[in-house]
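Visitor: Predicted model follows, preceded by the sequence.
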Amino acid sequence: MSDVPHTFGLLPGAAASPVILHVPHSSRHVPADVRAGIVLDDPALERELDRITDAHTAEIAEEAAVLAGLTPWRFVNHASRLVVDPERFPDEREEMAAVGMGAVYTRTTHREVLRADGADRAPLIERYFRPYARAMTEAVADRLAATGRAVIVDVHSYPAEPLPYELHGRGPRPPVCLGTDGFHTSPDLLAAARKAFAPCGETGLNSPFSGAYVPLEFHGKRREVGALMVEIRRDTYMSEPGGPAGPGLPRLAASLAALVDAVSG
């Protein structure tokens, strides 16, 4: 395992906390070996990173962890989702593959070429995707062993205006979208999230993005693993696209901390 790149990290929380704040899309980092397979020139790549990165979500999670009464664990991706997207299925189950955005993206947010047609995706899956999936699985298993349950809260953001790659971009785009899983998102977890994020404005459900991330080993099998996706509309806390954070960030961090506190007991 010595050749596995250090492109993700688990930041420990309280021993008694079941909560893992998962931040998969906050980084802009593209390692040089991966950059070589991307056909965009440097300015175009920077523009694409502006559009695709969930900017400042790692900061929101970090501040929430500080504010929470019982410190949650944080699993943070330190590589851009243009390297691999750890939340996609790596096979034909992934609907986003229809627009070239499966586990390894071949198209941009504007459906332009990102990687050459026929590029071998297997090395990226083996080097980046599978180690990430194993580590996240181990993190969830550790919380189950320590507390008897685990609660994965995905921290994402999305643009105020839909981008061409979005398959379901015509629906509502509320300040906070809550993505749910029919097996892993309990009514209590959803109610806690609605209450926690009420100070941030309207909360919507599964629009424009739906679902919640659970490692495949537990998906649809272990109800002790709860999961919820929190999608924050970017204009509520930052300048789009790819700009600095604004005064909305502390409010969102406080709401995320309130959610952590509500589900930690």
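Guide: Yep, that arrived. Numbers count the residues shown, from 1 in each chain.
Visitor: okay, CA-based contacts and neighbour counts for the rest of this
Guide: Fine.
Visitor: Low-confidence bits of this structure, can you list those?
Guide: 1-5 (pLDDT under 70).
Visitor: Which residues are in contact with Gly148?
Guide: 18, 224 (CA atoms under 8 Å, 6 or more residues apart in numbering).
Visitor: What distance do you get for it to Ala14?
Guide: Using CA to CA, to the nearest Å, one gets 14 Å for the distance from Gly148 to Ala14.
Visitor: Leu10: what secondary structure?
Guide: Per DSSP: H, G, I helix; E, B strand; the rest coil, the local secondary structure of Leu10 is strand.
Visitor: residues near it, how many?
Guide: Leu10 has 16 neighbours, counted by other CA atoms under 10 Å.
Visitor: That one pairs with what?
Guide: When bridges are taken as DSSP bridges, the partners of Leu10 come out as Phe75.
Visitor: Could you measure from it over to Glu224?
Guide: Separation of Leu10 from Glu224 (CA to CA) stands at 20 Å.
Visitor: One more: Ala15?
Guide: In this structure, Ala15 and Glu224 are 17 Å apart, going by CA to CA.
Visitor: part of a strand, is Glu231?
Guide: Yes - assessed by three-state DSSP, Glu231 belongs to a strand.
Visitor: For it, name its beta-bridge partners.
Guide: Following DSSP bridges, Glu231 is listed with bridge partners His156, Cys177.
Visitor: ok, now how distant is it from Pro131?
Guide: For Glu231 relative to Pro131 (CA to CA), the value is 25 Å.
Visitor: okay, these two: which has more neighbours?
Guide: Neighbour comparison, Glu231 and Pro131: the larger count goes to Glu231, with 29 against 19 (by other CA under 10 Å).
Visitor: Kindly confirm whether my reading is correct that the more buried one touches Tyr158.
Guide: Yes - the pair Glu231 / Tyr158 is scored as a contact, 6.5 Å apart, by CA atoms under 8 Å.
Visitor: could you dump stretch 66-79 to CSV, C-alpha only?
Guide: Listed in CSV are the C-alpha atoms of stretch 66-79, where the atom choice follows Å, rounded to 0.1, in the frame of the first residue of the first chain:
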residue,chain,number,x,y,z
VAL,A,66,-15.4,22.9,16.2
LEU,A,67,-18.9,24.1,17.2
ALA,A,68,-20.4,20.7,17.8
GLY,A,69,-20.9,19.5,21.4
LEU,A,70,-19.5,16.1,20.5
THR,A,71,-16.8,16.4,17.8
PRO,A,72,-17.7,14.5,14.7
TRP,A,73,-15.2,12.6,12.6
ARG,A,74,-14.4,14.1,9.2
PHE,A,75,-13.4,12.2,6.0
VAL,A,76,-12.1,14.7,3.5
ASN,A,77,-11.0,14.1,-0.1
HIS,A,78,-7.8,16.1,-0.8
ALA,A,79,-8.0,15.5,-4.6
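Visitor: outside of stretch 32-50, which residues touch it?
Guide: Counting contacts by CA under 8 Å, 6+ apart, the residues outside stretch 32-50 that touch it are 28, 83, 108-109, 113-116, 241-243.
Visitor: Can you list the buried residues in that stretch?
Guide: Using 16 or more other CA atoms under 10 Å as the burial criterion, the residues of stretch 32-50 that qualify are 35, 38, 40, 45, 48-50.
Visitor: Would you convert those into a markdown table that also reports distance to Pro24 and secondary structure?
Guide: Below are the buried residues of stretch 32-50 laid out as a markdown table (distance: CA to CA, whole Å; DSSP: H, G, I helix; E, B strand; the rest coil):
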| residue | distance to Pro24 | secondary structure |
| --- | --- | --- |
| Arg35 | 19 | helix |
| Ile38 | 20 | coil |
| Leu40 | 23 | coil |
| Leu45 | 19 | helix |
| Glu48 | 17 | helix |
| Leu49 | 14 | helix |
| Asp50 | 16 | helix |
